[in-house]
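Participant: how would this look folded up:
(3 chains)
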Amino acid sequence: MRFAGYVIAGWTITGAVFLAYWIRLVRRTRRAERLDPEA
Amino acid sequence: MTLLKPSVGKALGWASLGALVVLALFGLWGAPPDRVQSDAQRLMYLHVPAAWIAYLAFIVTAVGSALWLWKRTRSPVWDRVAGASAELGVLFTGLTLLLGSLWGRPVWGVWWAWDARLVTTAVLFFLYLGYLALRRVPGTPEARARRSAIAALIAFADVPIVHFSVTWWRTLHQKATVFDPELKAHIHGVMAFTLWWGVLAFTLLYVYLLDRRYRLECLEEGFEERELQRAIDERVSGAPNDPRVEVGAAR
Amino acid sequence: MNLAQEAGLVAGKDLRIEARSRVTVQQILPFGLVVLLLFAFALDPDRGVLRRVAPGLFWVTVLLAALLAVSRSSSVEAENGARDGLRLSGLDPAAIFLGKAAAIAVELLVLEALLAAGVAILFDVSLGSIGVLLLTAVLATAGIAATGTLYGVLVASSGARETLVPVLLLPVVSPVLLGATRAWEAAIDGVPSDAWAWVGVLAIFAVLYTAIGTLAFGPLLEEA
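Facilitator: Residues are numbered from 1 along each chain as shown, chains lettered A, B, ... in the order given. Model (predicted):
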C-alpha cells in the first residue's frame, strides 16, 4: 500500500480515540454510580 | 436517565462496533486505491464522515439549546443533550482536523493547508471548545443551562458566516489545483459505498455515545445537586436557633 | 423613556466613567501601540513586508485591544453590586446592552483612529479610500462591540474568571478580522470596489450579533 504509514496511522488513531473516549465514559459512569446509588 | 432504552442502547453499541469493523474492511482493503491519490484516499473514508457527524452533533446542540430556551419545551433533558452532543462534536471535529492533516501530507505535501473547509473546521473546533469551557463553570443547573444555551446559539449563528467568508477568501486566493477534498466526481462504485457506510457507522457510534454521555451527565448533575443539598442541610442543622436542636435538648 | 434614550443613558454612564478614569487612553492605547511595535520586531521592517501585512496587523491589534475594553466594560459593574443596581433600575435590558455596546464601540473607534495613524507612520502605509476604510471600521467595530458586550456579561454574571472571554470571543469574531482586513487591503493597496463584498459580511455580522445581544441580554442579566 502506498502511503501506508499515513493510512495506518490515521485508522489506528481514530480507533484509539474512540476507544479511549468510550473507556473514559464507562469509568466515569461507574464512578458516578458508585458514589451515588440512584433513588 | 437515558435517551434510549437500555437494551436498545446496548444493541446500538454492538451495531456501531460491527459497522466500524465493516468500514475498516472496506476502507482498508475492499475499496480500490484512487487513480490520483492512490491509497491516501483511504483516509477520506474516515475524514469525511467525521466532518459530517461533527456538523450533526453541533446541529443537535443548537436544537437542544433552542428547545431549552423556549419556555414551552424547557426541560433539563435538552440542556444535557446539548452539552453531551457538543462534547462529541468537539471530539469528531478534532478527529476531522487530525485526519485532514494526515491525508493532506501525502496528497498535497503539507501537514496543513489553508483550504476553506479545514479552516472552517478549525474555527468550529475552537468555538465549541470555548462552549465546553463555559459549561464547566459551576452554578445552578438552570443558570448554567441558560448561559450555555445562549453561548451555543451565538456559536452556531457564527458557523455560516465563518464558512461563507472563509470560502470566499480562499476562493480568491486559490491557485489552480485539483485540491477538491471530496473528489465527488471521481467517486463511484465501491468507493461511494464505503463512504456512505462510513457515514452510517459514525452516525450509529454518535447516537450510542450521545446516549451514554447523556446518562453520565444525569448522574453527575444529580450527584452535584445532592452534595449541594447535603451541605445546605448540614449548615442548617448546625444553626443556633434551629427548633430541632432545641427539641433534642429538651428531651 | 424610550429604548434609544435609555441606551443613551447607559452609554453616557460608561463613557463618563471612561472619561474620568481614562483607561482607554492611558492603558489600552499604549498597549495597542506597543503591539504594533512588537510586530515590527517580529517581522522585517525592511523590504515592504510590514506595509503589505499592515491591515492584518492593525485589525489583530484592534481585536486584542477590544479584549481589554470588554473586560473593562464588564468589570465596571462588578464592584459594589452595581450589576444588581442595573438590574433593579427598571431599565430595559435591551437598552442596557445597546448602551454598553455603544460605549465600547466609541472607545474602540477612538482607539482605531489613533492606531491607524500609528500604522500609517510606523509601517509607511498611505491610507487611501478613506470612505471605505471608515465604513469598514464602523461596521467591524459594531460587530466586535456587540459580541464583546454579550460575552462580557455572560462570563461576568456566571462568576467565571475573565480569562474565559478571549477564548470565547476571538473564534466568534474571526470573520470580522477576515472581512475587515480584506476590505482594508482592497482600499489601501488593491481595487477599492473589491471591498464591498467584505463590507457586506461585516454588516451582516454586526446586525446579527446586535440582534442576538438585544434578545439575550435580559435573561443573562437575571442570573445572580
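Participant: got any ranges where chain C has weak pLDDT?
Facilitator: Along chain C, segments meeting pLDDT under 70 span C:47, C:80, C:223-224.
Participant: can you list the residue ranges for helices in chain C?
Facilitator: C:3-21, C:23, C:29-42, C:49-75, C:82-88, C:93-122, C:130-158, C:164-172, C:174-188, C:195-222 (DSSP state H).
Participant: how about the ones you listed in JSON lines, adding distance to B:V48?
Facilitator: C-beta coordinates here come from the backbone N, C-alpha and C atoms, glycine included. What follows is these, written out as JSON lines (distance: least, C-beta to C-beta, whole Å):
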{"stretch": "helix C:3-21", "distance to B:V48": "47"}
{"stretch": "helix C:23", "distance to B:V48": "49"}
{"stretch": "helix C:29-42", "distance to B:V48": "37"}
{"stretch": "helix C:49-75", "distance to B:V48": "32"}
{"stretch": "helix C:82-88", "distance to B:V48": "47"}
{"stretch": "helix C:93-122", "distance to B:V48": "40"}
{"stretch": "helix C:130-158", "distance to B:V48": "31"}
{"stretch": "helix C:164-172", "distance to B:V48": "23"}
{"stretch": "helix C:174-188", "distance to B:V48": "24"}
{"stretch": "helix C:195-222", "distance to B:V48": "27"}
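Participant: and chain A, which of the ones you listed is closest to it?
Facilitator: helix C:164-172 (22.2 Å; C-beta to the nearest C-beta).
Participant: residues contacting stretch C:173-193, please?
Facilitator: Residues outside stretch C:173-193 that contact it (C-beta atoms under 8 Å, 6 or more residues apart in numbering or on different chains): B:123, B:158, B:161-162, B:165-166, B:169, C:52, C:54-56, C:58-60, C:63, C:125-129, C:132-133, C:136-137, C:140, C:143-144, C:147-148, C:194-195, C:198-199, C:201-202, C:205.
Participant: measure how buried B:S101 is and give me the count.
Facilitator: Around B:S101 there are 18 other residues, counting by other C-beta atoms under 10 Å in any protein chain shown.
Participant: cool, and the one 4 residues further on?
Facilitator: Counted with other C-beta under 10 Å, the burial measure for B:R105 works out to 19 neighbours.
Participant: what's the answer for B:H188, then?
Facilitator: For B:H188, using other C-beta under 10 Å, the count is 9.
Participant: chain C contacts on the stretch 151-251 of chain B?
Facilitator: B:151, B:153-155, B:157-158, B:161-162, B:164-166, B:168-169 (C-beta under 8 Å from any C-beta of the partner chain).
Participant: so which of those residues belong to helices?
Facilitator: B:151, B:153-155, B:157-158, B:161-162, B:164-166, B:168-169.
Participant: out of the residues you listed, which is most surrounded?
Facilitator: B:A151 (30 neighbours).
Participant: my read is that that one contacts B:Y131, right?
Facilitator: Yes - between B:A151 and B:Y131 there is a contact at 5.4 Å, judged by C-beta atoms under 8 Å.
Participant: list residues touching both of those two?
Facilitator: C:L168.
Participant: can you put the helices of chain C in JSON lines and add mean neighbour count?
Facilitator: JSON lines is the format used below for the helices of chain C (neighbours: other C-beta atoms under 10 Å in any protein chain shown):
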{"stretch": "helix C:3-21", "mean neighbour count": "16"}
{"stretch": "helix C:23", "mean neighbour count": "16"}
{"stretch": "helix C:29-42", "mean neighbour count": "15"}
{"stretch": "helix C:49-75", "mean neighbour count": "21"}
{"stretch": "helix C:82-88", "mean neighbour count": "14"}
{"stretch": "helix C:93-122", "mean neighbour count": "21"}
{"stretch": "helix C:130-158", "mean neighbour count": "24"}
{"stretch": "helix C:164-172", "mean neighbour count": "21"}
{"stretch": "helix C:174-188", "mean neighbour count": "25"}
{"stretch": "helix C:195-222", "mean neighbour count": "20"}
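Participant: between those, which one is nearest to B:L216?
Facilitator: Among the helices of chain C, helix C:130-158 comes nearest to B:L216, with 22.4 Å by C-beta to C-beta.
Participant: what is the closest one packed up against?
Facilitator: Counting contacts by 3 or more C-beta pairs under 8 Å, 6 or more residues apart in numbering or on different chains; DSSP states H and E, helix C:130-158 packs against helix B:116-135, helix B:141-173, helix C:49-75, helix C:93-122, helix C:164-172, helix C:174-188, helix C:195-222.
Participant: does chain C have contacts with the first one?
Facilitator: Yes - with C-beta under 8 Å from any C-beta as the measure, helix B:116-135 is seen reaching chain C through B:V123, B:F126, B:L127, B:L129, B:G130, B:Y131, B:A133, B:L134.
Participant: which one of these is nearest to B:A84?
Facilitator: B:Y131 (12.2 Å).
Participant: for that closest one, the count of nearby residues, please.
Facilitator: Quick note: B:Y131 (other C-beta under 10 Å) scores 27 neighbours.
Participant: make sure it is actually in contact with B:A155.
Facilitator: Yes - at 5.8 Å, B:Y131 counts as touching B:A155 under the criterion of C-beta under 8 Å.
Participant: please name the residues that touch residue 13.
Facilitator: Unless you meant another one, I'm taking chain A. With C-beta under 8 Å, 6+ apart, A:I13 has these contacts: B:L98, B:L102.
Participant: please refer instead to chain C.
Facilitator: So C:K13 contacts C:G99 (C-beta under 8 Å, 6+ apart).
Participant: what about it, distance to C:G99?
Facilitator: C:K13 is 8 Å from C:G99, where distance means C-beta to C-beta, to the nearest Å.
Participant: same deal with C:V153?
Facilitator: Distance from C:V153 to C:G99, by C-beta to C-beta: 12 Å.
Participant: equivalent analysis for C:L208, please.
Facilitator: Per C-beta to C-beta, C:L208 is found 19 Å from C:G99.
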